[in-house]
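A.B. asks: all I have is the shape, not the residue letters:
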């Protein structure tokens, strides 16, 4: 997903979920060889904007495989809740996201 589209999509998705206020953070992770990163992203939306070959992303919203597959697979660009990124290669790999942090009036953050 291109970053320009991701910014437009983020605004629409936040409103669809009932949030008028949100914050966007650009995130880039370097995943070590054969490494894995797991994290929780409740009340957030993570949009894949770039993914290196050999990485797989799984979440409660779906899966994105940038790896060999024998069947037809739909790659989900939107992820949330529990997210797991796996590097299937012997070399470090990079992935970029736009993190959309959904804000409520009582979350203690500045608007």
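C.D. replies: Here it is on my side, so go on. What you see is a predicted model, and the numbers here were worked out from it, not measured in a lab. Numbering: from 1, shown residues only.

A.B. asks: okay, residue 27 and residue 3: tell me how far apart.
C.D. replies: The spacing between residue 27 and residue 3, counted by C-beta to C-beta, to the nearest Å, is 12 Å. To be clear about C-beta, it is placed using only N, CA and C from the backbone, and glycine gets the same treatment.

A.B. asks: so what sits against both of those two?
C.D. replies: Counting by C-beta atoms under 8 Å, 6 or more residues apart in numbering, the shared contacts of residue 27 and residue 3 are residue 98.

A.B. asks: return the list of helices and strands in contact with the helix or strand of the chain with the lowest mean pLDDT.
C.D. replies: When the helices and strands of the chain are scored by mean pLDDT, DSSP states H and E, strand 62-65 comes last with a mean of 92. If contacts are counted by 3 or more C-beta pairs under 8 Å, 6 or more residues apart in numbering; DSSP states H and E, strand 62-65 sits against strand 55-59, strand 78-87.

A.B. asks: show me where pLDDT drops low in this structure?
C.D. replies: For the chain, applying pLDDT under 70 flags the ranges 69, 106-111.

A.B. asks: what angle sits between the longest strand seen in it and strand 55-59?
C.D. replies: Counting by DSSP state E, the longest strand found in the chain is strand 36-51. Using axes from the mean of the first three to the mean of the last three C-alpha atoms, to 10 degrees, one finds that strand 36-51 and strand 55-59 are set 110 degrees apart in direction.

A.B. asks: buried set for strand 36-51?
C.D. replies: 37, 41, 43, 44, 45, 46, 47, 48, 49, 51 (16 or more other C-beta atoms under 10 Å).

A.B. asks: for that strand, packing partners?
C.D. replies: helix 3-16, strand 21-31, strand 55-59, strand 78-87, strand 93-103.
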